[in-house]
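Engineer: What follows is a protein structure lacking sequence information:
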C-alpha cells in the first residue's frame, strides 16, 4: 500500500514539471446496454433478496429485471483548443466478471479502456467506477471469459458513443470544495466493536470472519479518533466531479445528479473504502446488511451522506 502511495506521489511530481494547457471541457454521455443490474431482487412471493452477486448461478435471481441502475456512462474530457488530451469515463457497475482464482486484473472495464486507448493513442483514456455498491453485472454475466469480453465490448461501445456525442464548452473556472461526513459505528450486532474484537481474538473463527473483523475495527478506530470522511468536488463551471466514499449505493450518484440538474455531474465511488457498503435506509430495512455484511456504518448513514452531498454541490450554485 505504501509503495502504491509513493508511486502515485512520484508520478504527480513528475507530471507537474510538464503541464499541459487546457482551454475547453468536453461533456458527453451514452446509455450502456446489457451490463448493469441491481443486487436487489424481488421474488415472486414478494420477498426481497440482495444476493445477485457479480457472478450468480441461481437463474431466478440472475435473470430478474435489471432494477434500479444508472444506465448512463458519462465522459468528461479536457481539450486544448480542438485537440482532446484526456477523457474520463464513469459508469456505475461493480467491475467484476469472473474472479476467485487468484488472478489480479482490471477486468472488463480495463479491457474496454485498453481498446479505447488503442483507438485514440493521443487521447489518454481513464475509467472510474461510479457508485455501485448495489449494482453488478450479474444479469449478463456467466462468470467466464466470453462474458468478460462481451461486457467489455458493450462498455467500449458506450465509451465511444459518449465521446462522439461530446459538446465542448470553454473552461472558465476551476474550484475545489470539500464537505465532511461523520458516520457512526453500529453499537449492537456482529458489526459492533465488542463483537468484532471477540471475533478477531478467536483463533477458532474462520480466516474470513477475522479479516472482516479487522477491517471493521480499523474503521471503528478511525471513527473514535474523530477523523471525518471528506467528500471532494471539483467544480469546473458546467460540470462537477464529486468523489463519494466507499461502496456507496447508486442512489447517491443519482442524488448528486438530482441536486444539480443544471450541471454535468460525474460521481465516482470508492473514494475512501473504510466504511464498506453505504446502503440506503430502505435497503437496510430490507435486510441488506444481514445478507452481505461488509458494512460498518450504523443506521442514519444515508441522511448524513445526502447532507454532505447537498453541501458540497450547492456551494457553487448561483444565488
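Structural biologist: Ah, there it is. All figures in this text were calculated on a predicted structure; none of them were measured in a lab. Numbers count the residues shown, from 1 in each chain.
Engineer: chain center to stretch 101-114: distance?
Structural biologist: 16 Å (C-alpha atoms, centre = their mean, to the nearest Å).
Engineer: For that stretch, which residues meet the burial criterion?
Structural biologist: Using 16 or more other C-beta atoms under 10 Å as the test for burial, stretch 101-114 gives 107-109, 111-113. All C-beta spots, glycine's among them, are computed from the backbone N, C-alpha and C.
Engineer: and what of stretch 44-64?
Structural biologist: For stretch 44-64, a neighbour-count test (16+ other C-beta under 10 Å) marks 49-50, 52-56, 61-62, 64 as buried.
Engineer: Next step: those residues restricted to helices.
Structural biologist: The helices, defined by DSSP state H, take in 61-62 from those.
Engineer: just curious, which of the buried residues of stretch 44-64 is nearest to residue 238?
Structural biologist: Distance to residue 238 across these (C-beta to C-beta) is lowest for residue 54, with 34.3 Å.
Engineer: Surely the closest one and residue 94 touch.
Structural biologist: Yes: if you go by C-beta atoms under 8 Å, residue 54 and residue 94 touch, sitting 5.2 Å apart.
Engineer: Need the overlap of contacts for those two.
Structural biologist: 136-137 (C-beta atoms under 8 Å, 6 or more residues apart in numbering).
Engineer: how much space between residue 100 and residue 54?
Structural biologist: 10 Å (C-beta to C-beta, to the nearest Å).
Engineer: same deal with residue 107?
Structural biologist: For residue 107, the distance to residue 54 equals 9 Å [C-beta to C-beta].
Engineer: Farthest pair within the buried residues of stretch 101-114?
Structural biologist: Greatest spacing in the buried residues of stretch 101-114, by C-beta to C-beta: 107 and 113 (10.5 Å).
Engineer: quick one: the helices in the stretch 201-319 of the chain?
Structural biologist: For the stretch 201-319 of the chain, the helices defined by DSSP state H, counting those that start in this stretch occupy 207-224, 250-259, 281-285, 288-292, 301-314.
Engineer: got it, and the stretch 51-200 of the chain?
Structural biologist: With DSSP H, counting those that start in this stretch as the criterion, the stretch 51-200 of the chain has helices spanning 59-62, 107-119, 145-164, 193-201.
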